[in-house]
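Colleague: Let's see this in three dimensions:
(2 chains)
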Amino acid sequence: MPLYRDEGLVLRTHRLGEADRIITVFTRGHGKVRTVAKGVRRTKSRFGARLEPFSHVDIQCHIGRSLDVVTQVECLHAYGSVLSTNWRAWTAGQAMLEAADRIVSEDREPAAAHYLLLLGALNALATGAREPSLALDAYLLRACALAGYAPALTECVGCGQTQGLGWFHVASGGVMCAQCREPGSAAPAADALALMQALLTGDWAAAEAVDARHRGSVSGLVAAHLQWNLERPVRSLAWVERAGADPFEADEPQRPEAP
Amino acid sequence: MSIYEGVVQDLIDELGRLPGVGPKGAQRIAFHLLHSDPADMERLAQVITDVRTQARFCSVCFNVAAQELCRVCRDERRDPAVICVVEEPKDVIAIEKTREFNGRYHVLGGSLSPMDGVTAEQLRIRELLARCEGSAVTEVIIATDPNLEGEATATFLIGRLTPLGVAVSVLASGLPVGGDLEYADEVTLGRAFHGRRKIQD
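Modeller: Sure, this is the predicted structure:
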């Protein structure tokens, strides 16, 4: 029976049959794999608590015909139990997991750099090292960069000019100068663009120094940039973007309009 | 591919759509019904028809009911000051079997899951808050599933209920009765330690 062992992060779970679950795991060496965990919904299951979303696990599976079957699991970090007691961190974490699930679309295609990025981001959320929405935006920007969708923030996407970059056009993939600007471009403040650049490069000192009032516009641009490139909405983002607002009013995130 | 003719195949197909019933099981049930007493079959058919027309949700707690109010909400002996919040009507039955709870229920209809598009608006959270606001309710026991979505839903509810001045508690979690400690997973065992009780003299 072909077996493999790897470490991974549980991205999401789906119910299967009476007591089983399909577990989507983002592994370090095997990329995204979909596995079946048998009997995990029963209260006496030895796997159940270990295979919740956000869990960082050491997992052993045997390769099945369509889905692999989990045979053993050890929990390395149970981030979920910490995050579920902090609403803002949990919603930010949900958006991270959903984005990772969408960005890593190829099953079994190793994406170790993205895996380490997600692990670091969840760790930062769970330990409270970073403000949840900043950690989320940093993760999304860097995940886009790893997937080849990094927004251009230092030079105009039209002419390459490095001065007077006051507009951001989602469909063009970055900032624009006054001459190149497209209709429908956003006009973020210079500090907002500086914050995006700091988050993209991981310069936390600079990111945390930027006035907090610019974070909302940056979150909006990051969400629009991600969803434009994924060509589908990331549902969880609507919850995070309105942190502090009334969750009864959260609705589906809007995909940016086509040019 | 249809193996049997006409109505027998239709019955097998319909039974096969039920949860937990595979094609072989559907075939077995269909032939059992075919050989059953006609009165039994008619009674079964009548019950299936009635459940569609008569079953409804309780207007207060949203549990499955046969009338405007469910059996628990109609029972005057149940304590109206304590509400137990559960995800599904099945959870009400599980708690009733314990015979430990004498209050009323509130069925949310699921748990919050942003990834699956289940938002606070789609659950009966607003109705729960309305029940607690300015009424005789003094305690809310949150009994959502002990998984991540259930716990996040509990966190959300705690944030909403606490300002209303009601006492909020969540179910304890720990080791299953009848199990061995060595086989417990780290998360459950950690919870059991976290929620340990002091033995009073």
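
Colleague: Figure out how far the lengthiest helix in chain B is from the centre of its chain.
Modeller: With DSSP state H setting the assignment, residue counts place helix B:38-54 as the longest helix in chain B. Relative to the chain's own centre, helix B:38-54 is displaced by 24 Å; criterion: Cα atoms, centre = their mean, to the nearest Å.

Colleague: could I have stretch A:99-106 exported to PDB, CA atoms only?
Modeller: What follows is stretch A:99-106, C-alpha atoms only, in PDB (Å, rounded to 0.1, in the frame of the first residue of the first chain):
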ATOM      1  CA  ALA A  99      -7.200  32.500  -0.500                       C
ATOM      2  CA  ALA A 100      -4.600  29.700  -0.200                       C
ATOM      3  CA  ASP A 101      -7.100  27.100  -1.300                       C
ATOM      4  CA  ARG A 102      -7.900  29.200  -4.400                       C
ATOM      5  CA  ILE A 103      -4.300  30.300  -5.300                       C
ATOM      6  CA  VAL A 104      -2.800  26.800  -4.900                       C
ATOM      7  CA  SER A 105      -5.100  25.300  -7.500                       C
ATOM      8  CA  GLU A 106      -2.900  22.500  -8.700                       C
END
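
Colleague: Which stretches in chain B count as helices?
Modeller: Applying DSSP H to chain B gives helices spanning B:6-16, B:23-34, B:38-54, B:71-74, B:89-98, B:125-132, B:148-161, B:186-194.

Colleague: just those helices: most buried one?
Modeller: helix B:148-161 (a mean of 22; mean count of other Cβ atoms under 10 Å in any protein chain shown). In this view, the C-beta of every residue, glycine as well, is placed from N, C-alpha and C.

Colleague: Helix B:125-132 and that one, what's the angle between them?
Modeller: Angle of helix B:148-161 versus helix B:125-132, following axes from the mean of the first three to the mean of the last three Cα atoms, to 10 degrees, is 40 degrees.

Colleague: excluding its backbone neighbours, what's nearest the residue in the stretch 51-200 of chain A that chain B sits nearest to?
Modeller: Using Cβ to the nearest Cβ, the single residue of the stretch 51-200 of chain A nearest to chain B is A:S84, 3.9 Å away. Of all residues not flanking A:S84 in the chain, B:E151 sits nearest, at 3.9 Å (Cβ to Cβ, 6 or more residues apart in numbering or on different chains).

Colleague: now do A:R130
Modeller: With Cβ to Cβ, 6+ apart as the criterion, A:R130 has its nearest non-adjacent residue at 4.5 Å, and that residue is A:A124.

Colleague: Paired strands for the helix or strand where A:T71 lies, with orientation please.
Modeller: A:T71 is part of strand A:68-78, with elements assigned from DSSP states H and E. Using DSSP bridges, strand A:68-78 pairs in its sheet with strand A:31-37 (parallel), strand A:55-62 (antiparallel).

Colleague: Can I get the first one in PDB, CA atoms only?
Modeller: C-alpha atoms of strand A:31-37 as PDB (Å, rounded to 0.1, in the frame of the first residue of the first chain):
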ATOM      1  CA  GLY A  31       1.200  20.600  -2.400                       C
ATOM      2  CA  LYS A  32      -2.500  20.600  -1.900                       C
ATOM      3  CA  VAL A  33      -4.000  17.200  -1.400                       C
ATOM      4  CA  ARG A  34      -7.600  16.100  -0.700                       C
ATOM      5  CA  THR A  35      -7.900  13.300   1.800                       C
ATOM      6  CA  VAL A  36     -10.600  11.300   3.500                       C
ATOM      7  CA  ALA A  37     -10.500  11.000   7.200                       C
END
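
Colleague: Contact residues of chain A facing chain B?
Modeller: Applying Cβ under 8 Å from any Cβ of the partner chain, we find that chain A lies next to chain B at A:12, A:17-18, A:43-44, A:46-50, A:52-54, A:75, A:78, A:80-81, A:83-87, A:90-91, A:94-95, A:97-98, A:235-236, A:238-239, A:247-248, A:250, A:252.

Colleague: just the buried members of those residues?
Modeller: A:12, A:46-50, A:52-54, A:75, A:78, A:80-81, A:83-84, A:86-87, A:90-91, A:94-95, A:97-98, A:235-236, A:238-239, A:247, A:250 (16 or more other Cβ atoms under 10 Å in any protein chain shown).

Colleague: Could you list which of those residues belong to helices?
Modeller: In this view, those that belong to helices under DSSP H are A:80-81, A:83, A:87, A:90-91, A:94-95, A:97-98, A:238-239.

Colleague: Pipe those into CSV and attach pLDDT per row.
Modeller: Below are those laid out as CSV (pLDDT from 0 to 100):
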residue, pLDDT
A:G80, 88
A:S81, 83
A:L83, 89
A:W87, 86
A:W90, 90
A:T91, 90
A:Q94, 92
A:A95, 93
A:L97, 94
A:E98, 93
A:A238, 82
A:W239, 77
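
Colleague: Just put those in JSON lines and tack on distance to B:G134.
Modeller: Listed next are those as JSON lines, based on distance: Cβ to Cβ, whole Å:
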{"residue": "A:G80", "distance to B:G134": "36"}
{"residue": "A:S81", "distance to B:G134": "35"}
{"residue": "A:L83", "distance to B:G134": "33"}
{"residue": "A:W87", "distance to B:G134": "25"}
{"residue": "A:W90", "distance to B:G134": "30"}
{"residue": "A:T91", "distance to B:G134": "30"}
{"residue": "A:Q94", "distance to B:G134": "33"}
{"residue": "A:A95", "distance to B:G134": "36"}
{"residue": "A:L97", "distance to B:G134": "39"}
{"residue": "A:E98", "distance to B:G134": "38"}
{"residue": "A:A238", "distance to B:G134": "31"}
{"residue": "A:W239", "distance to B:G134": "29"}
